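Undergrad: With the input below, show me the fold.
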Amino acid sequence: MGIDTRPVRRSRGRRAGLVIASIIAVVVAAVLVIVLLPRAEEPTPQPSPTPTPDAFATPEGWERFRPTFHLTPEQHWINDPQRPIFVDGEWRLYYLYNADYPDGNGTEWHLATSTDMVTWKNRGVAIEKYRNGLGDILTGSAVIDERNTAGFGAGAVIALTTQQDDGVQRQSLFSSTDGGMTFQNYEGNPVMENPGATDWRDPKIVWDDARQQWVMVLAEGERLGFYTSPDLREWTYVSDFVRTAYGLLECPDLFEMVDPDSGRRTWVLGVSADASRGGGTTGFAYWTGAWDGERFTADADEPQWLDGGADFYAAVTWDDPRDGDEGRLERRYALGWINNWAYARDLPGGSWQGGSLSTTREIVLREIDGRLSLLSQPVAALDARQGEPRTASDLAVAPGVIADLPVQPHTGAYRLRARIDAPDGGELRLRFGSADAEVTVGYDSEAGVVFLDRRRDAVADAMPETYREIRTAPVDADGSLFLDILVDASSVEVFTGGGRASLTSAAYADARAGVTAEASGGAISIRDLSVTPIAVNDPSAP
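TA: Next up, the predicted model:
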């Protein structure tokens, strides 16, 4: 038994949908009707609710794939999120934004705010590009300088970011005295001059309370550099952390956590990395270990991965200051960029480009088989944005049968939850969408994996091969597991195993078209099924 990797038959609708000029699209569609008529032994495809191919020939046609509850800019390009800060009762999250894409280069920091980490409101640009002659504003991190170490006033928000000019990357400081809504350039920029490195970027700043110092982790190619500072302006190199098997390292992270069950504490070093040499994809890798104020020592050479999907990149984590000192060690939050640089500029969009940001997830540390690991599940506040669930009793799916689920979504954004039992070692496939725009989430009980297959979504034919690779995550389920699936117009996020496994991917399915179930290798039981709509982000929300 294994995941079905047989080539899928491509619909002529999506081929025509790739034609940009509508006149050419009509001509090509007419030719395809003649050339690609099905053979006599094949069933004639039935009409589906998917729009005609011409609907995808323009940016306006792709607007139907704008996410409902995932953050996108009102228009233009989005990529790396920056760790949010909590000010005056709201979260202030920044992300890289390019209003000149695709005709002009250069990102800047765009601000979005939220009171619940779920519903975000775009507030405009917080740090403008090119403002100080040092080039693009790239990834970095913002901190609240409660002790006035930098001299801009107690409680000032200080942002350390990479700036790139003519290929040279430097670190610059920007300060804010209005809670991070707007920033001013520091006259002493750059605060860190490039030592001659090609890749020298993405400063992550944390306060080391035990040693009363600031710590910076910097991405330096296939290594991470550690620096310390008393004032956020003067930085001293202290050590590095080298890993050469994971490509270019980006967007590092460093934090401490505790497992409240075992009492074990650890520092966690995270980074966006490339697992393709081992058959994986890019994502958030992390090591647990010890931090002594100058050096991080990992518990193991190989990292763990927070998400097994194709599109959970440039992830950031943070704690909630309202949780207190101990509570802040017991749980964190995270979100990432739902995209992948292997095809980031190929993903379609309407008035916006670059994908979206993921649902916020809550992270906890647990000891599993003697190893400390991070578990993640959708943040609890998502429940408040959900409508009334539609539920159903047990459903038995016989091998070879394709069955409509007894409850169906009537919206393009929803949450599907169900317990899956495969007592005879079978495989279940849940197919979301229609024949021309379909994504499959499955459970292979013999292989012990959940998987996500988007080979038949609305854009797969036009994407690089890596987009069509089936992504998997291991589960120790013994034939039974609970699936929690978040479906939006252009993404699918899968959580299972109590947070031990997750799969996040951009996915262009016809979300309103319904869900079917198919079993192979043995009968499958679907229990405790519910389908719950998720409310639209309110643009007027605080």
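
Undergrad: From here on, just use CA atoms for contacts and neighbour counts.
TA: OK.

Undergrad: gap between Phe482 and Arg331?
TA: Distance, Phe482 to Arg331, by CA to CA, to the nearest Å: 22 Å.

Undergrad: Likewise for Ala435?
TA: According to CA to CA, Ala435 stands 41 Å off from Arg331.

Undergrad: Looking at Phe482 and Arg331 now, which is surrounded by more residues?
TA: Shown here are Phe482 and Arg331; by other CA atoms under 10 Å, Arg331 has more neighbours (22 against 19).

Undergrad: is it true that that one touches Ile363?
TA: Yes. Between Arg331 and Ile363 a contact is recorded at 5.6 Å, counting by CA atoms under 8 Å.

Undergrad: What are the boundaries of the helices in the stretch 101-250 of the chain?
TA: Taking DSSP state H, counting those that start in this stretch as the test, none of the stretch 101-250 of the chain falls into helices.

Undergrad: Which parts of it are strands?
TA: The residue ranges that make up the strands of the stretch 101-250 of the chain, judged by DSSP state E, counting those that start in this stretch, are 108-114, 121-127, 136-145, 156-165, 168-176, 184-185, 201-208, 213-219, 223-229, 236-242, 250-258.

Undergrad: Would you mind giving those strands as a markdown table with mean pLDDT and mean neighbour count added?
TA: Compiled in a markdown table, the strands of the stretch 101-250 of the chain are given as follows (pLDDT from 0 to 100; neighbours: other CA atoms under 10 Å):
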| stretch | mean pLDDT | mean neighbour count |
| --- | --- | --- |
| strand 108-114 | 98 | 24 |
| strand 121-127 | 98 | 20 |
| strand 136-145 | 98 | 24 |
| strand 156-165 | 98 | 24 |
| strand 168-176 | 98 | 23 |
| strand 184-185 | 98 | 16 |
| strand 201-208 | 98 | 24 |
| strand 213-219 | 98 | 24 |
| strand 223-229 | 98 | 21 |
| strand 236-242 | 98 | 14 |
| strand 250-258 | 98 | 24 |
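
Undergrad: can you redo those strands as CSV with distance to Pro406?
TA: As requested, the strands of the stretch 101-250 of the chain are arranged in CSV below (distance: least, CA to CA, whole Å):
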stretch, distance to Pro406
strand 108-114, 35
strand 121-127, 36
strand 136-145, 46
strand 156-165, 51
strand 168-176, 53
strand 184-185, 56
strand 201-208, 48
strand 213-219, 49
strand 223-229, 51
strand 236-242, 52
strand 250-258, 42
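
Undergrad: The ones you listed: which one's closest to Arg415?
TA: Within those, the stretch nearest Arg415 is strand 108-114; the backing value is 20.9 Å (CA to CA).

Undergrad: residue contacts, Asp199?
TA: Under the criterion of CA atoms under 8 Å, 6 or more residues apart in numbering, the contact partners of Asp199 comprise 169, 219-221.

Undergrad: cutoff 7 Å now
TA: Asp199 makes contact with 220-221 under the criterion CA atoms under 7 Å, 6 or more residues apart in numbering.

Undergrad: and if you look at Ala523?
TA: Ala523 sits next to 397-399, 422, 424, 426 when contact means CA under 7 Å, 6+ apart.

Undergrad: which non-adjacent residue is nearest it?
TA: Nearest-residue entry for Ala523: Ala398, 4.7 Å, with adjacent residues in sequence omitted and distances by CA to CA, 6 or more residues apart in numbering.

Undergrad: Strands along the stretch 301-450 of the chain, start to end?
TA: 304-305, 313-318, 332-338, 352-353, 356-357, 361-368, 371-378, 390-392, 395-397, 402-404, 414-421, 427-434, 437-444, 449-453.

Undergrad: Pick the most buried one from those.
TA: The highest average neighbour count among the strands of the stretch 301-450 of the chain, using mean count of other CA atoms under 10 Å, belongs to strand 356-357 at a mean of 27.

Undergrad: other SSEs contacting that one?
TA: Contact partners of strand 356-357 among helices and strands, from 3 or more CA pairs under 7 Å, 6 or more residues apart in numbering; DSSP states H and E: strand 332-338.

Undergrad: and the strand it packs on, which strands flank it?
TA: Listed by DSSP bridges, the sheet partners of strand 332-338 and their directions read strand 313-318 (antiparallel), strand 356-357 (antiparallel), strand 361-368 (antiparallel).

Undergrad: Of all the ones you listed, which one is nearest Trp305?
TA: When the strands paired with strand 332-338 are ranked by proximity to Trp305, the top entry is strand 313-318, at 11.2 Å, counting by CA to CA.

Undergrad: What average pLDDT does the closest one get?
TA: When pLDDT is averaged along strand 313-318, the result is 98.

Undergrad: okay, the angle between that strand and strand 136-145?
TA: Calculated by axes from the mean of the first three to the mean of the last three CA atoms, to 10 degrees, strand 313-318 forms an angle of 10 degrees with strand 136-145.

Undergrad: and for strand 313-318, what are the contacting residues?
TA: Contacts to strand 313-318, defined as CA under 7 Å, 6+ apart, come from residues 80-83, 251, 272, 282-284, 332-340.

Undergrad: and the gap between the closest residue to His76 other than its chain neighbours and Tyr101?
TA: Nearest residue to His76 in three dimensions, chain neighbours excluded: Trp352, at 4.4 Å (CA to CA, 6+ apart). Per CA to CA, Trp352 is found 9 Å from Tyr101.

Undergrad: got any residues that touch both of those two?
TA: With contacts taken as CA under 7 Å, 6+ apart, the residues that reach both Trp352 and Tyr101 are 76-77.

Undergrad: now Leu483, what's its secondary structure?
TA: Going by DSSP: H, G, I helix; E, B strand; the rest coil, the secondary structure assigned to Leu483 is strand.

Undergrad: neighbours of it, just the number please.
TA: When counting by other CA under 10 Å, one arrives at 22 neighbours for Leu483.

Undergrad: Within its sheet, name the partner strands of the host helix or strand of Ile78 and how each one runs.
TA: Under the criterion of DSSP states H and E, Ile78 resides in strand 76-87. Partner strands for strand 76-87, per DSSP bridges, with pairing direction: strand 90-98 (antiparallel), strand 352-353 (parallel).

Undergrad: Out of these, which is closest to Arg385?
TA: Closest to Arg385 of these, according to CA to CA: strand 90-98, at 17.0 Å.

Undergrad: coming back round to it: quick check: which of the strands paired with strand 332-338 is nearest to Phe451?
TA: strand 313-318 (18.3 Å).

Undergrad: just to revisit the earlier point, can you say which of the strands of the stretch 101-250 of the chain is nearest to Asp488?
TA: Across the strands of the stretch 101-250 of the chain (criterion: CA to CA), the nearest stretch is strand 121-127, sitting at 17.9 Å.

Undergrad: Tell me which other helices or strands that closest one touches.
TA: For strand 121-127, the packing partners by 3+ CA pairs under 7 Å, 6+ apart come out as strand 108-114.

Undergrad: If you compare the directions of the strand it packs on and strand 121-127, what angle comes out?
TA: Using the same axes, to 10 degrees, strand 108-114 lies at 150 degrees relative to strand 121-127.

Undergrad: tell me the angle strand 108-114 makes with strand 156-165.
TA: Relative orientation of strand 108-114 versus strand 156-165 (the same axes, to 10 degrees): 150 degrees.

Undergrad: what sits up against strand 108-114?
TA: Counting contacts by CA under 7 Å, 6+ apart, the residues touching strand 108-114 from outside are 90-98, 120-129, 136-138, 542.
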